[in-house]
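Asker: Got a sequence here, can you model it:
(4 chains)
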4 protein chains.
Amino acid sequence: MKKIRVGIIGAGRIGKIHTDNLLKLSQVEVVAVSDLFAGEELMAWAAERGIDQVVQDSQVLIANPDIDAVFICSSTDTHVPLIKQAAKAGKHIFCEKPVSMDITQTEEALECVRQAGVQLQIGFNRRFDHNFKRVRDHVQNGTIGDPHIVKITSRDPNPPHPDYIKVSGGIFMDMMIHDFDMARFVTGSEVEEVYAQGNVLINPVFAEHGDVDTAIVTLRFANGALGVIDNSRQAVYGYDQRVEVFGSKGSVAVTNDHPNTAEISTAEGITRDKPLHFFLERYNAAYILETQMFIDSLVNGHALPVEGFDGLQAERIALAAKFSRELQRPVKINEISELLSQQSVAQ
Amino acid sequence: MKKIRVGIIGAGRIGKIHTDNLLKLSQVEVVAVSDLFAGEELMAWAAERGIDQVVQDSQVLIANPDIDAVFICSSTDTHVPLIKQAAKAGKHIFCEKPVSMDITQTEEALECVRQAGVQLQIGFNRRFDHNFKRVRDHVQNGTIGDPHIVKITSRDPNPPHPDYIKVSGGIFMDMMIHDFDMARFVTGSEVEEVYAQGNVLINPVFAEHGDVDTAIVTLRFANGALGVIDNSRQAVYGYDQRVEVFGSKGSVAVTNDHPNTAEISTAEGITRDKPLHFFLERYNAAYILETQMFIDSLVNGHALPVEGFDGLQAERIALAAKFSRELQRPVKINEISELLSQQSVAQ
Amino acid sequence: MKKIRVGIIGAGRIGKIHTDNLLKLSQVEVVAVSDLFAGEELMAWAAERGIDQVVQDSQVLIANPDIDAVFICSSTDTHVPLIKQAAKAGKHIFCEKPVSMDITQTEEALECVRQAGVQLQIGFNRRFDHNFKRVRDHVQNGTIGDPHIVKITSRDPNPPHPDYIKVSGGIFMDMMIHDFDMARFVTGSEVEEVYAQGNVLINPVFAEHGDVDTAIVTLRFANGALGVIDNSRQAVYGYDQRVEVFGSKGSVAVTNDHPNTAEISTAEGITRDKPLHFFLERYNAAYILETQMFIDSLVNGHALPVEGFDGLQAERIALAAKFSRELQRPVKINEISELLSQQSVAQ
Amino acid sequence: MKKIRVGIIGAGRIGKIHTDNLLKLSQVEVVAVSDLFAGEELMAWAAERGIDQVVQDSQVLIANPDIDAVFICSSTDTHVPLIKQAAKAGKHIFCEKPVSMDITQTEEALECVRQAGVQLQIGFNRRFDHNFKRVRDHVQNGTIGDPHIVKITSRDPNPPHPDYIKVSGGIFMDMMIHDFDMARFVTGSEVEEVYAQGNVLINPVFAEHGDVDTAIVTLRFANGALGVIDNSRQAVYGYDQRVEVFGSKGSVAVTNDHPNTAEISTAEGITRDKPLHFFLERYNAAYILETQMFIDSLVNGHALPVEGFDGLQAERIALAAKFSRELQRPVKINEISELLSQQSVAQ
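Answerer: Below you'll find the model as predicted:
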């Protein structure tokens, strides 16, 4: 059986995780890695894994005729040009979320992918989580009837570094984008309207960049369901990842995973350990599964589990949320084009 | 010790519950009951409890000089006139929620109470619930730091009778009013702005009366916290009453009470019984405690645990939610007067 | 409808609880109370409740022709003579557990009850608990198939007063007797053999009286099931009352009741309040129900929910456990007579 | 860094699992595998993993001078001779439990290991489980004070194949041996006495081999604590693996792991999925960790996490349990030698 030969673009934390997960798959050969800051350390890291090509210039990697697919794990601003180049070079693409912070550019990238006839999967890793998949299962198989109310809680244990906040694209595009995708994933319905509220309650640094650290967004779905997402950049008790879908025949709810089930009873009360700390621990298995399913789809010609369109839709919702917070009113997803053109006129 | 002599106005389901709870208190004598439809059945019911006076006309009861306090358990449209009459007659008052559906009338009733120097407690029974009190405790004693996010879920097992829907005042004034009070109770902060969404997903009869059966309302509090309440008129698995407050130092969350702790494990899965069915079961102890604390306050001259102002504030928030849904935009609580005057001009 | 007129013998803590629970029942009149130490305080307590007769001598109460039924709540050593006297006087009897610590005497008392044709209910209050009833339901209705393993945990929050330990009859007769009854109740099968282990791990005072404070007893049932009960006189986290029945088609398990469902998440971990403190809080509703069902049975001529035989069987198992610990070997319930006669020969 | 070169003896299910886990470790090279039935299939399996040597005769593998350590994963009756041979050949040894069903032979094997100066780890995988380690942590760090009561539940989802039952050594030596080790592991105390009860409630095939399918064993520990283990060969709801240690300052309890946290609420009740099915799913991470810690200990010269003595002690307890069931009385661990010699005299 011919192996899928993969090149990794961007060898930061997530690039390295994907590499190690790919190396566990017998159908995959990781043949090259590119990173702007590739040096001795990366060479050693690659050597240990039997990866032959280590380059600084991603163009070299994309031009490598031995590569079937690329993983784009570099900074968000590089995603669109890299997708276009890789697509033109006939490579299949796995790209981290978000594709970009500019939906016009995202649309162009998707069009380019379409024309090239290559496959593009977006890194919405949470779709591969055992808990959230179980929610979707129960919605899809009708256990809970028609969805009426969707509730998503997503809180990080710690805020990101201030340097990152500046370039993050804001809480809706950087953090809640996962939840916007989750809302679509678990309901199987499109979001039509959002209303976003936010506040700076944790660290004034967010305000300096026009961002918020605490946000609640309500959603109205095409199928009539209502939804709400709450985000916080700092839950001192750890990573808080919960989803509930309530419907005409019942509800399904998933809560946090814990490192163990131990319950300690003392004279002071009953205690258990905090949830799994952060996304690396919590979504470890999901990261493995998303790469495996990407490769499987390429090998078997199946449809991808998350497509470019999913990335685009989540960005549209995030953009609508941004507008909603600025305009202090609910915003329809199909208003975005007009709001964008008003904005460009105003500038 | 002199007993507090109580008259009950309105001997429907809730009036009878209050009566039986009052009869358990050694400091109380229930001396009269009035009900528009008082007849043989009520006479028998009263006789069994040693209640001497049974009348159809509440005026007779209010005029009874042997009565110290009245419980107003009649239909909502009678609350304001009865409060005014009882206050003028120097009776202390326990009144079911809402005081009225017209905040101007509620304000007049409260002013009348103030001038008469009598006590008025509003029937927000959930404030006396063991779970919600524990949430408030942990917010007040600083366990969770400054509140950032408040989440309240409140879903009924069955919709009310269609006849009731028509006169209910709508989901915000009839059902979510409890949650608006809960939001103020657990945070100790005022709500400044609301945004309300609703939909008819359960029964078209709600649409016939301009009402909805499913609603999500977001809140912005004076202390900067954000909140969200979701209501459904029909949770097939039973009464769903949950509250969570998330803050700078942690979170406190309460979930449903169950009739037992039994967990059944079979080849099909692991099962437990549904939550306590509805408000009579769920808030049984809370109903007892609210009457006891009302009487205790009268006897000992303590401040009441829920005052007329609490009723007024919850009505204001409910009204703002109603406007928000109509206007499809967030509404500030202090906009209400202007919106009301615009409305009356328009009519 | 004629009321059941009740006399209370022994006005200690449990006698007062039964009295107050009986007073809630419309079918009951409490007409007399006797207590060795009856004085002004008890007179006042009885007067407040409208109980006319307060005496020191229980004979006076038993001789009162106006009394239909007596509640025997005095010390264990008085139970047998009181049962005999009350039975001969034609009174129905509710008697606290154990009937006695001498099964021959218990047998005599039961025989006396049988001959008199009166009813005798034993105060195994836990049979009326919402959790344990649910376990029994699921065993009886076949949900879990044939029972294979029964596990009962019963731990008190604090050891009793040293003065009580001396006269308690030991952990098996005083504390675990409830669990022996529970084992029979939830399985619907008789215990045939026990093996008892114990140790003094909490307070040496238990050793002084030949007693233990920590014990594990295994059971073999007539239906082939195996069981185990563990007792501790001191669980610092509170009253621990759990039961599990495992069978051919699954298992049913009940755990502790808590004063609320609040879960507190902080940087230190996730905490909830301890279980309901002790038997008065935990079995409050069960105490109410056991008196109600006793009265209902008398009124309607139904079979009693716990009979004298149930008291006897639990004592037999407790005695076998005592022998087992002394002899350091498993003991069959039907060995008891022989072991008792050996013991009397040896003395 | 020099790699540890490993040979696998016995390529059944568990041998293959260990191989794959070893292959994940950068410090390890798997150089050979032996299996009585080695054929084409195994050759292919080995080739896929880059394992060069595949033989039928374990002697060839043991004689291979390139091998530093062997994993003995063959049938129990081969363990002792293989340990002796491997030890004499200077190989470090990882051996599956039990070492043998004859403690004299186990003692001889351990002596041989001692004389050879090699390392021997026993495959008590549950010691590496996240839940049970947390129990041990809390006992060791004093959270729960002195242990008073230890409770271990261990139930398999399905009985083994009848062919296996015959050679399994019986429930105590085959299944409960894990729990005997767990009892020592979580308390850090030796077991001094056991009393074993068993019954055939699931399948008469167990009786045919003098075995039972349901068992309860009570334990008395050197530190005074009491314990109880219950085993069933068939829990229809899945693998049931729970431990509780109760002590002077509180308790720590762990319960089952589940494939997800989903809770489904419908009109019928509240349901969740069954626990992780069986040992391969449940102890997946524990298997990985036990091989990693074995290798780490060899590389760094640390003490092994489970030693030969641990295997021997668990066998002694299992043997005492076997005697206890036969003799229908409690048996002390230090009685075993005498009971064994009586047995051999009797034969």
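Asker: which residue packs closest to A:Met101, ignoring adjacent ones?
Answerer: Excluding the flanking residues, the one nearest A:Met101 by Cβ to Cβ, 6 or more residues apart in numbering or on different chains is A:Gly169, at 4.4 Å. Where C-beta positions appear, they are placed from N, C-alpha and C, glycine not excepted.
Asker: State the number of residues packed around that neighbour.
Answerer: 22 (other Cβ atoms under 10 Å in any protein chain shown).
Asker: now swap in the one 5 residues further on and tell me
Answerer: Neighbours of A:Asp174 under the rule other Cβ under 10 Å: 22.
Asker: Tell me the confidence at it?
Answerer: As predicted, A:Asp174 sits at a pLDDT of 96.
Asker: what's near enough to touch the residue nearest to it when sequence neighbours are not counted?
Answerer: Of all residues beyond its chain neighbours, the one nearest A:Asp174 is A:Ser168 (4.0 Å), with distances taken as Cβ to Cβ, 6+ apart. Neighbouring residues of A:Ser168 by Cβ atoms under 8 Å, 6 or more residues apart in numbering or on different chains: A:Pro160, A:Asp174, A:Met175, A:Asp211.
Asker: In contact with the spatially closest residue to the third one that is not a sequence neighbour, which residues?
Answerer: What sits nearest to A:Met175 in space, not counting adjacent residues and going by Cβ to Cβ, 6+ apart, is A:Asn231, at 5.6 Å. Taking Cβ under 8 Å, 6+ apart as the criterion, A:Asn231 is in contact with A:Ser154, A:Arg155, A:Ile171, A:Met175, A:Met176, A:Asp179, A:Thr214, A:Ala215, A:Ile216, A:Val217.
Asker: Touching, the fifth one and A:Leu219? I think so.
Answerer: Put plainly, it is A:Met176. No. Using Cβ atoms under 8 Å as the test, A:Met176 is too far from A:Leu219 to be in contact (10.8 Å).
Asker: who touches both of these two?
Answerer: A:Ile229.
Asker: sorry, back to before: host element of the residue nearest to A:Met175?
Answerer: strand A:226-232 (DSSP states H and E).
Asker: likewise A:Tyr237?
Answerer: Counting by DSSP H and E, A:Tyr237 is part of no helix or strand.
Asker: The nearest residue to it once chain neighbours are set aside bridge partners, please.
Answerer: Nearest in space to A:Tyr237, with sequence neighbours left out and distances taken as Cβ to Cβ, 6+ apart, is C:Ser265 at 3.7 Å. Beta-bridge pairing of C:Ser265 under DSSP bridges involves B:Ser251, C:Ile270.
Asker: hang on, C:Ser265 packs against A:Lys274?
Answerer: Yes. Using Cβ under 8 Å, C:Ser265 is in contact with A:Lys274, at 7.2 Å.
Asker: Which one of those two is surrounded by more residues?
Answerer: C:Ser265 (26 against 21).
Asker: ranges for the strands of the stretch 1-150 of chain A?
Answerer: Counting by DSSP state E, counting those that start in this stretch, the segments of the stretch 1-150 of chain A that form strands are A:4-9, A:28-34, A:53-55, A:69-72, A:92-95, A:120-122, A:147-155.
Asker: Out of these, which gets nearest to chain D?
Answerer: Chain D lies closest to strand A:147-155 among these, at 12.7 Å (Cβ to the nearest Cβ).
Asker: wait, isn't A:His79 in contact with A:Val99?
Answerer: Yes. Under the criterion of Cβ under 8 Å, A:His79 makes contact with A:Val99 at 5.4 Å.
Asker: which stretches of the stretch 201-347 of chain A form strands?
Answerer: A:214-221, A:226-232, A:240-247, A:250-254, A:263-266, A:269-272, A:331-332.
Asker: just those strands: most buried one?
Answerer: Ranked by mean neighbour count, the strands of the stretch 201-347 of chain A are led by strand A:226-232 with a mean of 26 (mean count of other Cβ atoms under 10 Å in any protein chain shown).
Asker: hey, C-alpha coordinates of that strand in PDB?
Answerer: C-alpha atoms of strand A:226-232 as PDB (Å, rounded to 0.1, in the frame of the first residue of the first chain):
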ATOM      1  CA  LEU A 226     -31.800  29.000  20.300                       C
ATOM      2  CA  GLY A 227     -28.300  28.800  21.700                       C
ATOM      3  CA  VAL A 228     -25.900  30.400  24.100                       C
ATOM      4  CA  ILE A 229     -22.100  30.200  24.400                       C
ATOM      5  CA  ASP A 230     -20.200  31.500  27.400                       C
ATOM      6  CA  ASN A 231     -16.400  32.000  27.300                       C
ATOM      7  CA  SER A 232     -14.000  33.100  29.900                       C
END
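Asker: What I need now is the strands of the stretch 1-150 of chain A written out in JSON lines, including mean pLDDT for each item.
Answerer: Below are these laid out as JSON lines (pLDDT from 0 to 100):
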{"stretch": "strand A:4-9", "mean pLDDT": "98"}
{"stretch": "strand A:28-34", "mean pLDDT": "97"}
{"stretch": "strand A:53-55", "mean pLDDT": "96"}
{"stretch": "strand A:69-72", "mean pLDDT": "98"}
{"stretch": "strand A:92-95", "mean pLDDT": "98"}
{"stretch": "strand A:120-122", "mean pLDDT": "98"}
{"stretch": "strand A:147-155", "mean pLDDT": "98"}
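Asker: Reformat the ones you listed as JSON lines; add mean neighbour count and distance to chain B.
Answerer: What follows is these, written out as JSON lines (neighbours: other Cβ atoms under 10 Å in any protein chain shown; distance: least, Cβ to the nearest Cβ, whole Å):
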{"stretch": "strand A:4-9", "mean neighbour count": "24", "distance to chain B": "37"}
{"stretch": "strand A:28-34", "mean neighbour count": "23", "distance to chain B": "36"}
{"stretch": "strand A:53-55", "mean neighbour count": "18", "distance to chain B": "45"}
{"stretch": "strand A:69-72", "mean neighbour count": "26", "distance to chain B": "34"}
{"stretch": "strand A:92-95", "mean neighbour count": "25", "distance to chain B": "32"}
{"stretch": "strand A:120-122", "mean neighbour count": "26", "distance to chain B": "28"}
{"stretch": "strand A:147-155", "mean neighbour count": "24", "distance to chain B": "5"}
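Asker: That'll do, ta.
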